[in-house]
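> Here is a sequence with its predicted model. Questions after.
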Amino acid sequence: MEGSVKEVIGGGIGIGMTEKWVKKHHLLYTGATRHPLILSIRDGSVDLSAFKRWLGQDYIFVRNFVPFLSSVLINACKDSDDQSDMEVILSGLASLDDEVAWFKNEAKKWDIDLSKVTPQKANQNYCGFLESLMLPEVEYTVAITALWAIEAVYQDSFAYCLEDNSKTPQELKEACQRWGNESFGGYCQKLKKIADRRLEKAPESVLIEAEMTLLRVLEHEVEFWNMCNAEDPK
Ligand SMILES: Cc1ncc(CN)c(N)n1
């Protein structure tokens, strides 16, 4: 029950660290989730070549995201204080199978040869960052915060393109649905809860590391959208 004694004592209705950080860094968060590319999809003015660039580059990103998510899963199995973390992360990993297939199928529709797409600079940088998060010294709390942020940016961005008054072109709606749907939203909420639970108990040094990691994720996301909107390879 909302507002129950248990919830108040347990912090259920209190604001978590992730939300505090989103508020504190709202300019950067908004930069990542309301980027001009997203706004152009939502208002229907999108340059389809930018969408195609995004499709090819994101396919490469997702392939690199698989080992990152696998490493968060291993961390959860080894270091988590709650067994259900593993199930949440496993569900995300399982859905990537379908996601990779979706990219291949979508690329065919848009006449994109994925074998010829090479990662642009911003994508290479982002994938390099994911690799750095897989190093053994990276705390589970930091890695799960990164995972939540990466997924939340896509959820927030694409859900915005599906709101009632949006003019998202029909042929892009399926892409927006992938990350903008309610079930993906629920997954992001679960990741947020895990991150908040871990952050609540984390020592100051881990909190600093996690907040910095969130900022890096948001910066990489902005750079990623910029790369798709740019005419020339960066
Ligand atoms: C760049 C980027 N960021 C996030 C997501 C969501 N997994 C993605 N597919 N690509």
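Arrived safely, thanks for sending.

> what does this structure have sitting close to the ligand?
58, 61-62, 65, 150-151, 153-154, 221, 224 (C-beta under 6 Å from any ligand atom). Every C-beta, even on glycine, is put in place using the N, C-alpha and C of the backbone.

> Mind doing that once more with 8 Å?
Residues of the chain that fall close to the ligand, judged by C-beta under 8 Å from any ligand atom: 57-58, 61-62, 65, 99, 123, 126, 150-151, 153-154, 179, 220-221, 224.

> Nearest to residue 140, out of those: which one, please.
For those, the minimum distance to residue 140 (C-beta to C-beta) is 15.5 Å, reached by residue 150.

> burial of the closest one, as a residue count?
As a burial measure, residue 150 scores 25 neighbours (other C-beta atoms under 10 Å).

> how far away is it from residue 110?
24 Å (C-beta to C-beta, to the nearest Å).

> now do residue 168
Taking C-beta to C-beta, one finds residue 168 at 16 Å from residue 110.

> Mind checking which of the two has more residues around it?
Set residue 168 next to residue 110 and count neighbours by other C-beta under 10 Å: residue 168 wins out with 23 against 12.

> Tell me who's in contact with residue 175.
Neighbour list for residue 175: 51, 55, 106, 158 [criterion: C-beta atoms under 8 Å, 6 or more residues apart in numbering].

> secondary structure class for it?
helix (DSSP: H, G, I helix; E, B strand; the rest coil).

> So for it, what pLDDT did the model give?
Looking at residue 175, its pLDDT reads 98.

> can you check the one 4 residues further on too?
Taken from the predicted model, the pLDDT recorded for residue 179 is 98.

> Does it touch residue 150 like I think?
No: counting by C-beta atoms under 8 Å, residue 179 stays clear of residue 150, with 10.8 Å between them.

> quick one: buried residues of stretch 212-230?
213-225, 227-229 (16 or more other C-beta atoms under 10 Å).

> ok, now stretch 174-193?
175-176, 178-180, 184-185, 187-188, 190-193.

> quick one: which of those is nearest the ligand?
residue 179 (6.2 Å; C-beta to the nearest ligand atom).
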